[in-house]
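**Student:** Just to be clear, the model below is a prediction. Sequence and coordinates:
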Amino acid sequence: MEHKPPILAPSILAADYTQLGAEIEQCNDAGIQWIHCDIMDGHFVPNISYGPTVVQAARNSTEAFLDVHLMIENPDQYIQAFVDAGADQITVHQEACKHLHRTIQAIHSHGLSAGVAVNPATSLTAIEPILGDVELVLVMSVNPGFGGQSFIPNTHERLQKVRQMRQKSGYNFLIEVDGGVKPNNIRDIAHSGADILVAGSAVFKAPDIPQRIEQLQKEAQIGKGTIV
């Protein structure tokens, strides 16, 4: 599947689950290309979100690229369940994988794209050995576990560093950012190098979801267009 950044990826973590299908339908109508699913287990992160059943429900509501972000321990045990639920891509945390290459290979064995995520306090050098094996690098801009947090400012430097690492290596992975993406900062975040911008509360807590999506996409396009 061809992806044309910048891409806004609404996270259903912030959706009203009693209206999940209807709210995803509003995203479809607004032309969304990606839907993001945040999976939390109460161990790797202090919160619990949802599992494959909700991902399956999202799959049944959209033809958008389904981007599943596992914030869980022992992700290898659950890859098959999320494959069966309809994921197009699975991203795992560097901090949660004892054998990261093996986990990435397991995701690829199902024909899915694979991503690696890094927490705000993790050195970016920790993911250098895996960059040639993934389709996406997710730079966390909050500490994972809860929606609605504020964007950590030094994420801009980390995005720029990952962009430099991509240019230097010649790899073509996408760069994603997750956490605190809002209308007032998405332009600068895209300018720093993010290709995929995950937004939860900014989309699903807005009074008019399609209008907010249009606003966020427009700001991201402006920011991306200023990269030189």
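**Tutor:** Ah, there it is.

**Student:** Any buried residues in the longest helix along the chain, and which?
**Tutor:** Assignment by DSSP state H gives helix 209-225 as the longest helix of the chain. For helix 209-225, burial by neighbour count (16 or more other Cβ atoms under 10 Å) applies to 209-210, 212-213, 215-217, 219-220, 223-224. Every residue, glycine included, has its C-beta placed from N, CA and C.

**Student:** do the same with stretch 2-21
**Tutor:** Buried positions in stretch 2-21, judged by neighbour count with 16+ other Cβ under 10 Å: 5-15, 20.

**Student:** Stretch 104-113 spans what distance, first to last residue?
**Tutor:** One end of stretch 104-113 to the other measures 9 Å (Cα to Cα, to the nearest Å).

**Student:** What lies in contact with that stretch?
**Tutor:** 76, 79-80, 83, 87-90, 92, 114, 116, 130, 133-136 (Cβ atoms under 8 Å, 6 or more residues apart in numbering).

**Student:** Show me which of these is closest to residue 68.
**Tutor:** Proximity of the contacts of stretch 104-113 to residue 68 (Cβ to Cβ) peaks at residue 87, which lies at 4.2 Å.

**Student:** for the closest one, helix, strand, or coil?
**Tutor:** Here residue 87 takes the coil state, with states given by DSSP: H, G, I helix; E, B strand; the rest coil.

**Student:** Tell me if I'm right that it and residue 56 touch.
**Tutor:** No: counting by Cβ atoms under 8 Å, residue 87 does not reach residue 56; the two are 9.7 Å apart.

**Student:** between the two, which one's more packed in?
**Tutor:** Between residue 87 and residue 56, counted using other Cβ atoms under 10 Å, residue 87 has the larger neighbour count: 28 against 17.

**Student:** Give me the secondary structure label for the residue nearest to the more buried one when sequence neighbours are not counted.
**Tutor:** In space, and not counting its chain neighbours, residue 87 is closest to residue 68: 4.2 Å by Cβ to Cβ, 6 or more residues apart in numbering. Here residue 68 is recorded as strand under three-state DSSP.

**Student:** In this structure residue 68 contacts residue 49, no?
**Tutor:** No: counting by Cβ under 8 Å, residue 49 is not a contact partner of residue 68; they are 11.4 Å apart.

**Student:** The two: which is more packed in?
**Tutor:** Between residue 68 and residue 49, residue 68 has the larger neighbour count (other Cβ under 10 Å), namely 27 against 20.

**Student:** which residues touch that one?
**Tutor:** Applying Cβ under 8 Å, 6+ apart, the residues near residue 68 are 37, 39, 55, 82, 85, 87, 89-91.

**Student:** before we move on, the earlier item: list the residues that contact both of residue 68 and residue 49?
**Tutor:** residue 39.
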